[in-house]
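**Q** A structural model of the following input is requested.
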Amino acid sequence: MKKARLTLLLLCTAMFFISCNKEKDNSDKVTTPAPQQQNVKSVKKETISSVVIYDGTPLYIEDSDGKMIYADEALLGDTIRVYVEDNSIEQKEAIRLLSNGKEDTFNFVHVSYYDSDYWTRDIFITNNSKLKPGIITTDSLTYSAPDGTSATSKKLEAGTVVAIDPDSTKKDSDLDIDFISVTYYNGAAFGKPVYVKAEALSDTTADIIANQTLSRIIANDSLKPEIADILFLYIESLQVSSYMQEKIQAAKEEVLNRRN
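**A** Numbering: from 1, shown residues only. Down below sits the predicted model:
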């Protein structure tokens, strides 16, 4: 978590030098100033671990009418905390207020992100406390069961961030292949669980941090070269996988070409 906070600090520093911040999802912008958030930590309330499986997951706070107002966003692959009430995830239906004034009702989950309370939609996170973030390192077929005969038509591309169940690894003894259960974003509540070959996954924290940082560097054309260089130096110092090393080098070349 300390490394994640350092990355966020570096990213915030970088964002200071960006002349124009790019909103990823304009539909969740506030139309009026959001009410001041109550950031009082609930010390007695139980939470469980959850994984963010959607890039730029919107975080909301409630206004005085109980409507959800966009306030912040969580990084893809982050681990957040979900509040539990009476042994169940704390969630409720509420109205989301859009920038165009339109109101839609969705299911929201109560979460804690860096010790601040928010609500987010259930489609963007997982609800299994055993899951941890990981990255698909090569284009991979998905399987409905941990055996080679259960392949589906769905493929997860290299670079897809998923939530891994580390206790689910099972071997197909006929093919001598290890399979593991992962959950990915598919627009449904709490994601879609499937199996993939275990060799196609990286679950190191360094890879997740590097992936988050790279996505921010690439997405911001206005990032000053000196800031990008600092961020590249940082992620190159991490103990990342060979897949991520290649991804970092490719990103550096892209940024260099963009400068020329």
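**Q** all contacts plus neighbour counts: C-alpha atoms, from now on.
**A** OK.
**Q** The closest residue to Tyr143 other than its chain neighbours: neighbouring residues, count only.
**A** Counting by C-alpha to C-alpha, 6 or more residues apart in numbering, the nearest residue to Tyr143 once its immediate chain neighbours are dropped is Ala151, at 4.3 Å. For Ala151, the neighbour count with other C-alpha atoms under 10 Å is 17.
**Q** Surely Ala151 and Ser144 touch.
**A** Yes. Shown here, Ala151 and Ser144 form a contact pair, counting by C-alpha atoms under 8 Å, at 6.5 Å.
**Q** Now do the helices in the stretch 151-260 of the chain.
**A** Counting by DSSP state H, counting those that start in this stretch, the stretch 151-260 of the chain has helices at residues 205-219, 225-236, 242-259.
**Q** Near the nearest residue to Lys155 once chain neighbours are set aside, how many other residues are there?
**A** In space, and not counting its chain neighbours, Lys155 is closest to Leu141: 4.4 Å by C-alpha to C-alpha, 6+ apart. By other C-alpha under 10 Å, the residues close to Leu141 number 17.
**Q** next one: Gln245
**A** Using other C-alpha under 10 Å, Gln245 has 17 neighbouring residues.
**Q** Distance check, it against Gln212.
**A** As judged by C-alpha to C-alpha, to the nearest Å, Gln245 and Gln212 stand 14 Å apart.
**Q** what about the stretch 101-250 of the chain, any weak spots by pLDDT?
**A** The model of the stretch 101-250 of the chain has no residue with pLDDT under 70.
**Q** ok, which stretches of it are strands?
**A** Under the criterion DSSP state E, counting those that start in this stretch, strands of the stretch 101-250 of the chain are mapped to 103-113, 116-121, 132-136, 140-143, 151-156, 161-164, 170-172, 177-184, 192-197, 201-202.
**Q** angle of the fifth one against strand 177-184?
**A** Following axes from the mean of the first three to the mean of the last three C-alpha atoms, to 10 degrees, one obtains 60 degrees for the angle between strand 151-156 and strand 177-184.
**Q** Kindly report the same for the second one.
**A** Between the axes of strand 116-121 and strand 177-184, defined by the same axes, to 10 degrees, the angle is 100 degrees.
**Q** just how off-centre is strand 116-121 within its chain?
**A** 14 Å (C-alpha atoms, centre = their mean, to the nearest Å).
**Q** and that strand, what does it pack onto?
**A** Applying 3 or more C-alpha pairs under 8 Å, 6 or more residues apart in numbering; DSSP states H and E, one finds that strand 116-121 makes contact with strand 57-62, strand 103-113.
**Q** now it against strand 57-62, angle please.
**A** 110 degrees.
**Q** For strand 116-121, output the C-alpha coordinates as PDB.
**A** Extracted in PDB, the C-alpha atoms of strand 116-121 (Å, rounded to 0.1, in the frame of the first residue of the first chain):
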ATOM      1  CA  SER A 116     -12.600   8.000   2.800                       C
ATOM      2  CA  ASP A 117     -16.200   6.900   2.400                       C
ATOM      3  CA  TYR A 118     -17.800   6.600  -1.000                       C
ATOM      4  CA  TRP A 119     -20.400   4.600  -3.000                       C
ATOM      5  CA  THR A 120     -19.700   2.900  -6.300                       C
ATOM      6  CA  ARG A 121     -21.700   0.700  -8.600                       C
END
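**Q** Just the angle for it relative to strand 103-113, thanks.
**A** 140 degrees.
**Q** sorry, back to before: pretty sure the residue nearest to Lys155 contacts Thr149?
**A** No. The pair Leu141 / Thr149 is not scored as a contact, 11.6 Å apart, by C-alpha under 8 Å.
**Q** Kind regards, and thank you for your time.
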